[in-house]
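Asker: compute the structure for the input listed below.
(4 chains)
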There are 2 protein chains.
Amino acid sequence: MGQGAGRREPTMREVAALAKVSTKTVSRVINGLPGAGTEVTDRVRAAARTLGYRPDLTASSLRRSDRRSATIGVLFEDLSNPFDSALLRAVEDRARHSGVLVLAGSSEDDRALQRELLVSLSARRVDGVVVMAAGGHQDALHQERERGTPMVLVDRPPTFGGTDCVTTTNRDSSRDAVLRLAALGHRDIGFLGDRRTLWTSQERYTGYLEGLAQAGLTLREELVRTDLHGDAPAEAAARTLLGLARPPTALFTAQNLVTVGAMRALRARGEHRRVALIGFDDFRLADLLEPGITVVRQDVPGIGRKAAELVLARIDGDTSPPVHAVVPATLVRRGSGEIPPPTG
Amino acid sequence: MGQGAGRREPTMREVAALAKVSTKTVSRVINGLPGAGTEVTDRVRAAARTLGYRPDLTASSLRRSDRRSATIGVLFEDLSNPFDSALLRAVEDRARHSGVLVLAGSSEDDRALQRELLVSLSARRVDGVVVMAAGGHQDALHQERERGTPMVLVDRPPTFGGTDCVTTTNRDSSRDAVLRLAALGHRDIGFLGDRRTLWTSQERYTGYLEGLAQAGLTLREELVRTDLHGDAPAEAAARTLLGLARPPTALFTAQNLVTVGAMRALRARGEHRRVALIGFDDFRLADLLEPGITVVRQDVPGIGRKAAELVLARIDGDTSPPVHAVVPATLVRRGSGEIPPPTG
DNA sequence: GTGAAAGCGCTAACAA
DNA sequence: TTGTTAGCGCTTTCAC
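Answerer: Predicted coordinates:
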């Protein structure tokens, strides 16, 4: 049996010829449109069956007035990242319920690559896109949006107008986490964050500042480290903080991998039961560690579903004002965030 | 600014009109084909720029003789699963280097859904598919393959002929893991596996049996539990095993979530430092646990890349005999697999 | 080097 | 209820 590109697909015309009707009639039957006699319908169906006919959506879309491809583009930072993939899955599920498939790509937080992928998606005439904007200027996204492409941003809002987005309670949940640590008596709370160009990082840092202020604590700048991309830099930064003359008694880590890095540092110093830790973003097995890691958990399926619903609605012609949906995150207490400061 | 489906895209004809050339000439310029004067080329490019022209790959593909959509389908079990998403990412990367985009879907290990998604993909005329076959009969996949669709199966081989696939060293690596435990002196090695309908489960179980045999150990059937889908059933099964009069001194867990369940059970009983554990499939943070979890790690990027390469080659007309590529897994020692049996 | 005509597979608009 | 004609945006074929 051949392994090549394979034989030609049968066409509507061939079905029509076999059923001895016009292609238009076949079209009606295949699409379940009214105005086709039962006998003719049966004949067409039989012919389609015999030939193994399968409709060509690309050709149909080309001709139809709505021009829909029943496909949306999803452009995230890294599809192998747990957050991104959970989001993709949620979008996929919601889209499939509307007969829509997903063309997925990873932008690597690289604007050039994001633009390139955007072009690839538009060449395939996707009906809309769900995008996790790469850091920095969003001119490519803005341009695409200006052309009229339905677009929803997730995780990070647009820096331009007229576009829906879905984010979580970055600032509020961060503030609450810090307040929680403060309520336990912590006065030296460190902050470890990811790239400052990211909106989420900024929001979480702002929440940290708000929490300190609200708890009547003064910011100690030497307890703040940002631009930590990945767990290795985060681990190094945490070690530095813990080595200070007056080290933090609690840490707020503003991102997944940063939390992991901080945990490694705490463990390496044997302080993971003595220094409190609350991380932003949940991760698998956080409950299996000792102590369990207290985290702010985003409702990732909720975010994905909402984003999909928004883009599908826009595709269906919804022209209501742009929406910035905020899906609440929740604090999950597991132990690490409940460690009190050392007494005395 | 409108939020609706947006304005019409400019067409090649409009570009041609503005540049005062024929559409054919525009086509040549856009596609970088020879036979277009430099002056005309410039005029066309300028016109395309002015109008914001972007080629329509779907229309082009409809007319071109190769009929390529430059799109492949990826049908995995669950795109939010770490294994699946890492695989998707690897396929995506390799495909993108060939200008190919990925239409992704989750089959939920449900044959009806898998078939439905396959139909959706074929309606969009993907050039080929990479599939993680749902358990049970593969008739839908077989049919699709018979139609000539280039197809590569990943993780699990086809039950029909003429089709490429990429898997890992399930059996050999499982046997080696068991032999390793046996070499430490373990004589009562339990096996926890997931659904028996899965080929990977069967292979890993076979490897377990081979390992026992090769080490001169006799199988104790009561130490074998399968059909554990998810970590909760796995945890329950592990508890049962550990509660036996003569419990296992080591466990081999044949899947990701099963390993997690076993860890939970060990922890709940406070035996995680006394009972050895080797799991199949690596997972994040396996090194942060105490002890670190020794695992058999698949080369997921390697598998994905290979699968993408195979399907792209078939799409390009490669008609060499079908390949079953086996990408080696490696044992990662972290502590849990190095625990000796209790002395005496 | 450039263009006119035909047509990919399908559906809109109309006619019968 | 059914068919005919035209044409979606593009590329092929072949003529100039």
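Asker: from now on I want contacts and neighbour counts done on CA atoms only, so please keep to that.
Answerer: OK.
Asker: now the residue in chain A that DNA strand C sits nearest to: closest residue in space, sequence neighbours ignored.
Answerer: In chain A, the residue that lies nearest DNA strand C is residue A:12 (3.2 Å; C-alpha to the nearest atom of the strand). Nearest residue to residue A:12, sequence neighbours excluded (C-alpha to C-alpha, 6 or more residues apart in numbering or on different chains): residue A:23, at 6.1 Å.
Asker: repeat for residue A:264
Answerer: Per C-alpha to C-alpha, 6+ apart, closest to residue A:264 is residue A:235, 6.3 Å.
Asker: what's the burial count for that neighbour?
Answerer: 24 (other C-alpha atoms under 10 Å in any protein chain shown).
Asker: what's the answer for residue A:219, then?
Answerer: Residues near residue A:219, counting by other C-alpha under 10 Å, number 16.
Asker: which stretches of the stretch 101-250 of chain A form strands?
Answerer: Assigned by DSSP state E, counting those that start in this stretch, the strands in the stretch 101-250 of chain A fall at A:101-106, A:128-131, A:151-154, A:164-168, A:189-192, A:224-225, A:250-253.
Asker: can I get stretch A:269-277 in CSV, CA atoms only?
Answerer: C-alpha atoms of stretch A:269-277 as CSV (Å, rounded to 0.1, in the frame of the first residue of the first chain):
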residue,chain,number,x,y,z
ARG,A,269,19.5,25.9,52.9
GLY,A,270,17.2,23.6,54.9
GLU,A,271,14.8,26.5,55.5
HIS,A,272,11.8,25.3,53.7
ARG,A,273,10.0,24.7,57.0
ARG,A,274,11.1,28.0,58.5
VAL,A,275,10.5,30.5,55.8
ALA,A,276,6.9,31.1,54.6
LEU,A,277,6.2,30.9,50.9
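Asker: need the contact partners of it.
Answerer: Stretch A:269-277 is contacted from outside by A:181, A:248-253, A:263, A:266, A:290-291, A:293-294, A:336-342, using C-alpha atoms under 8 Å, 6 or more residues apart in numbering or on different chains.
Asker: what does stretch A:100-110 give?
Answerer: Residues outside stretch A:100-110 that contact it (C-alpha under 8 Å, 6+ apart): A:70-79, A:92, A:95, A:113-114, A:117, A:121, A:133-135, B:89, B:92, B:101-105, B:120.
Asker: buried among these? Need that as a selection in PyMOL.
Answerer: Burial among the contacts of stretch A:100-110 is assessed by 16 or more other C-alpha atoms under 10 Å in any protein chain shown; the matching PyMOL selection reads:
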select buried, (chain A and resi 70+71+72+73+74+75+76+77+78+79+92+95+114+117+121+133+134+135) or (chain B and resi 89+92+101+102+103+104+105+120)
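Asker: the contacts of stretch A:100-110 also near DNA strand D: which ones?
Answerer: Checking the contacts of stretch A:100-110 against DNA strand D by C-alpha under 7 Å from any atom of the strand, not one of them is in range.
Asker: show me the domain layout of chain A.
Answerer: A:12-55, A:71-166+A:300-325, A:170-299+A:331-338 (automatic domain parsing).
Asker: and the gap between residue A:8 and residue B:70?
Answerer: Separation of residue A:8 from residue B:70 (C-alpha to C-alpha, to the nearest Å): 17 Å.
Asker: and for residue A:241?
Answerer: Distance of residue A:241 to residue B:70, given as C-alpha to C-alpha: 50 Å.
Asker: and residue A:72, by the same measure?
Answerer: For residue A:72, the distance to residue B:70 - C-alpha to C-alpha - is 16 Å.
Asker: same question for residue A:208.
Answerer: 47 Å.
Asker: do the same with residue A:58
Answerer: 13 Å.
Asker: same question, residue A:99
Answerer: Following C-alpha to C-alpha, the distance that separates residue A:99 from residue B:70 is 21 Å.
Asker: cool, residue A:30 as well?
Answerer: 26 Å.
Asker: how many residues are close by residue A:97?
Answerer: Neighbour count for residue A:97, taken as other C-alpha under 10 Å: 9.
Asker: still on that earlier bit, quick one, which of the contacts of stretch A:269-277 are buried?
Answerer: Among these, those classed as buried by 16+ other C-alpha under 10 Å are A:181, A:248-253, A:263, A:266, A:290-291, A:293-294, A:336-341.
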